[in-house]
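Undergrad: Give me coordinates for this.
(chains A and B)
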2 protein chains.
Amino acid sequence: MPKKIVIIGAVALGPKVACRARRMDPDAEILMLDKDSNISYGGCGIPYYVSGDIPDVKELSSTIYHATRDESFFRSTKRVEVRTNVEALAIDRKNKTVRVHDIKTGTVEDIPYDILVLGTGSTAVIPPIPGADLPGVTAISNLHHAVEIKKKIAKGEVESAVVVGGGAIGLEMAEALTVLWGVKTTLVEMQEQLLPVAVGPDLAGIIRRYLEKNEVKVLTGDCVSKIIGNQKSGVTGVETGAGFIPCQLIIFAIGVRPNTHLAREAGLAIGSFGGILVDRRMRTSDPNIFAGGDCVEVQHQITGQRVILPLGSLANRQGRVIGTNVSGGNEQWRGAVGTLCLKVFDLGIARAGLTTAQAIGAGFDAVDALIAGSDKAHFYPGHKPMFIRLIADRKTRRVLGIEAVSENGDAVKARVDAVAALLSHGVCVDEISNLEVGYAPPFASAMDIVNAAANALENVLDDRGEAINVLEFLDQLDSPDLRVLDVRTRIEAEPYVNKYGKRWQNIPLDELQERLGEIPTDEPLIVICSSGVRSFEAQVLLRQKGIANVKNVQGGTALVELLKDVNMRNMRVTS
Amino acid sequence: MPKKIVIIGAVALGPKVACRARRMDPDAEILMLDKDSNISYGGCGIPYYVSGDIPDVKELSSTIYHATRDESFFRSTKRVEVRTNVEALAIDRKNKTVRVHDIKTGTVEDIPYDILVLGTGSTAVIPPIPGADLPGVTAISNLHHAVEIKKKIAKGEVESAVVVGGGAIGLEMAEALTVLWGVKTTLVEMQEQLLPVAVGPDLAGIIRRYLEKNEVKVLTGDCVSKIIGNQKSGVTGVETGAGFIPCQLIIFAIGVRPNTHLAREAGLAIGSFGGILVDRRMRTSDPNIFAGGDCVEVQHQITGQRVILPLGSLANRQGRVIGTNVSGGNEQWRGAVGTLCLKVFDLGIARAGLTTAQAIGAGFDAVDALIAGSDKAHFYPGHKPMFIRLIADRKTRRVLGIEAVSENGDAVKARVDAVAALLSHGVCVDEISNLEVGYAPPFASAMDIVNAAANALENVLDDRGEAINVLEFLDQLDSPDLRVLDVRTRIEAEPYVNKYGKRWQNIPLDELQERLGEIPTDEPLIVICSSGVRSFEAQVLLRQKGIANVKNVQGGTALVELLKDVNMRNMRVTS
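TA: Below is the predicted model:
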């Protein structure tokens, strides 16, 4: 008798399981259920549908050759049965059946399975604050939300909007609302920085700058405490720590909760973060039930801890593994390092592994280096600045994370993906110093910026020069005790010398050897250049000459210029 | 007494050694010699100087902050002594001295060393054919050549040019001559394809298409047998297998020979490919002499064999390792996988590891898969086609190489660098199938093209479907025995059906199950779609239904369209 494979959930993981299983097993009966009418769509494309980049929502569920991935597509092309608007109510593990409710007909039936796959996904969190049930308050977790939002905006009903949550989706939605529609958008993030689980505060500051430059208001360390409005006319505004903000639309993008009700009720093992527990073959505590995607906990390959990583990219990979394993194969999914990329206006952002703060939280003695460089050879026309941070453990020198931003997003992805690929192999910083990446002037420097970042980190690890983070430096800029040695050329340094006077000394690097006598040796000194390269050179010289109380500004004036006018705090935003 | 470090050669490796050594050792006396007057320049930028992208040759030897890296720069900024126009004549290893000849003053002296570093580079090969000494015949291995070529073109002396050698430099030079100057350029390559040591013949065909579309004539499987002209007016043309080609400039880019005369004469060990032998610390057979860059043999991390890999990117990395080791450190350089990227007109090309042919030559049972995909999510506007080949060993499933092309060059580099980083770790195809790379619609699909390539290769390895290379398929296009099943939609297939008649059958994939009876089971069948994805799906179905003599066209009609009009042979070019 053919094997009966039943898959609950038909968005990302489910279809991948079904199609792979069909290719592996010609005879299996494969049935995929979803309580929604929309299936097999690219949810990560929603911001681009709302922004208008993607004109028709159908494109998100179309194949590359413009077929719509609906029930009939799966039947005729993939030989997979799909039932939509069918909700799974309960799993009877003993009898191996799923009780389902057909939402349209109202009928309830028990469907037998040999193998059950849970791809139940996650639910976007909307906090239980006053007004959360008003019309105009939404999450962004499915196509219905997307269509509703776009319709509302297109009707001219939205002059102002508030996006709550400064993660990837929040940032993409803030851009989407602003860029085409000119909706006055405020982004509210509870943490002190944007993308708090993805990048360090300095790179977050650059991202904030891009948002503010594009007229998105940003509130960090703040939250929406109350939503104002009424059921008839909907939302009219929100209360935040920074005061009342009028708006007609509120989008919550503060995170998701794995949908595990079915699994819990069936007695499957659930992890401490609320996701379904699976082994490396993606099998739950019941050997006849597999699970993957947003509803499971996965192993973080650096910490070894289980985490929730609700990423479409992972759901797809896990789906293929499950498809293999439910068809008698034996494939393992080894875990993840949290590789992520996104675009915010003209800025590309990519990251993998742990942030410095996460690494410290996980018990590592984390050290990082942030450097300024460019996406191409510096002599090649059109090169753009890039900033990369590399994070490692001081004792073992193991690389723990990487994060990067540049207007050349593909180039940022290139650097991060190369290091991400190695993270699970437990490589040391030294391997990144010599990492062999492609070189040609239109694409890189001979020593790529990723090598340079590792070189800088090695220098910190080997105690060849103490660094100071640019945000810490900016905090000291107004201090009367500030004592900066700027080793750039006279022309480069002049505006700073004019502004900061005696507190900002300029000795170009090529004169430093001869003018060492001009530097007071009895006070702490901060050395700076345009990127951190010349200033490091200066720092080495100073140390070799006995002037050791010196810190080098990571990212140099390139980063100072980018961040000095950014409203890192909210006062100026709301004034 | 301070350590005396003498470095011979000051282009790429030498400066890196010197600067690193200075940072590690405040007291060492560091002297760098070069027989040329130009030092520390980005040789890989030469094509972009010739093309006009980089207006001033000085930019190639400028720092990012516009200082020229000359003798005075190294003295004042890097605390390194440099002597230019000084040729090293001989090494006296016993007395630890180098005999040098000052070309300008004519004096000869013996310079003592504690540590000697050889960064003597390589010499571009100009074959000893008749006329090779005529004015207008040049290589492209230093700035003098570059300046001479540009001057000659700017004077209007070059209407037509011949570039000999279809490697990276030859391609970049062909573009440089054509793009700004409109020089009628013919590229001659001895092998049957362009970039023969870098990519497979199909991707080379795409590259050829870009060159021909941009009016570069390409001759493969051909060579220049004789150069015509006289000493007074210079070159007037060349004889090739395809006949006489008039030209006023001939650039040889057929390869380089390591400069090892000094090392040989001093009795240092030389490898079978003619490069200086070094250990992992980059030390020659004399423990007081290090060497790196184009003049050494390096270990290929896949074959384990020693090879010559004259790449500026490697010279820089090796230079840093040597700089550490000559200063009492202990760093290892583990070898290379030959990662390379380049731009040819609008096309970006990247590759790493072994080509299929190289892998077979090295004794692997090499299998590959070539797929068509795109640089972004297929629903994201502005996405561009990308083609990726992944190569693996059949038995061990170890990944041996990757090569890719797309008009989005940074995106190509992202895929290749990520896999290149893993090549030396000996990973299997399965790891690339699940490789976690950054996903967002502006940068990738949820299942990235690199994952899809690995999926396709796994399918071949697991014998789930035999593939046919597009070039092999194109060879059969005119055969009366051709029997194609096109599973695209009617509209997509129509032009082909009209052209090939009964030999080209169209059954859209979604109708295939029901129309299986229309397919003759007794003859070999080639199944095709736009990319290879639907046709693979069809192939699986056919096999599951007992129709097993089926081959799937890798890259589908996307690749067929790109290659069918390309002059893969020379007859049409020269007619």
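
Undergrad: Spell out which residues make up each domain of chain A.
TA: According to automatic domain parsing, chain A is divided into the following domains: A:4-122+A:257-325, A:137-254, A:340-461, A:466-553.

Undergrad: distance between the ends of the second one?
TA: Across domain A:137-254, the terminal residues are separated by 13 Å (CA to CA, to the nearest Å).

Undergrad: most packed of the domains of chain A?
TA: For the domains of chain A, the largest average neighbour count (mean count of other CB atoms under 10 Å in any protein chain shown) is found in domain A:340-461, namely a mean of 24. Quick note: C-beta positions are derived from backbone N, CA and C, even for glycine.

Undergrad: quick revisit: which of the domains of chain A sits closest to B:Ala10?
TA: With respect to B:Ala10, and counting by CB to CB, the nearest of the domains of chain A is domain A:340-461 at 14.8 Å.

Undergrad: Look up phi and psi at the residue of the stretch 51-200 of chain A found nearest chain B.
TA: For the stretch 51-200 of chain A and chain B, the shortest gap (CB to the nearest CB) falls at A:Ser76, measuring 3.8 Å. A:Ser76 adopts backbone torsions of phi -80, psi -40, taken as degrees, to the nearest 10.

Undergrad: so where's the stretch 451-575 of chain A shaky on pLDDT?
TA: Confidence mapping of the stretch 451-575 of chain A against pLDDT under 70 gives the ranges A:567-575.

Undergrad: Would you map the strands across it?
TA: According to DSSP state E, counting those that start in this stretch, the stretch 451-575 of chain A carries its strands in the segments A:466-468, A:484-486, A:504-506, A:525-528, A:550-553.

Undergrad: CSV please, covering those and showing distance to chain B.
TA: Output for these, formatted as CSV (distance: least, CB to the nearest CB, whole Å):
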stretch, distance to chain B
strand A:466-468, 15
strand A:484-486, 12
strand A:504-506, 14
strand A:525-528, 13
strand A:550-553, 13
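
Undergrad: now those strands in CSV, with distance to A:Ala538?
TA: Supplementary listing: these in CSV, determined by distance: least, CB to CB, whole Å:
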stretch, distance to A:Ala538
strand A:466-468, 13
strand A:484-486, 7
strand A:504-506, 12
strand A:525-528, 5
strand A:550-553, 8
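
Undergrad: Enumerate the residues of the stretch 451-575 of chain A near chain B.
TA: Contact residues of the stretch 451-575 of chain A with respect to chain B, defined by CB under 8 Å from any CB of the partner chain, are listed as A:451, A:455, A:464, A:488-489, A:492, A:509-511, A:513, A:529-531, A:533-534, A:537, A:540-541, A:544-545.

Undergrad: go with 7 Å
TA: A:Asn451, A:Arg464, A:Arg488, A:Thr489, A:Leu509, A:Asp510, A:Gln513, A:Ser530, A:Val540, A:Gln544 (CB under 7 Å from any CB of the partner chain).

Undergrad: Which helix or strand contains the residue nearest to A:Ile402 when sequence neighbours are not counted?
TA: Spatially, and ignoring its direct neighbours in sequence, A:Ile402 is nearest to A:Val419 (4.4 Å; CB to CB, 6 or more residues apart in numbering or on different chains). Element membership of A:Val419, judged by DSSP states H and E, is helix A:409-423.

Undergrad: Now do that helix: distance to the chain's middle.
TA: Relative to the chain's own centre, helix A:409-423 is displaced by 13 Å; criterion: CA atoms, centre = their mean, to the nearest Å.
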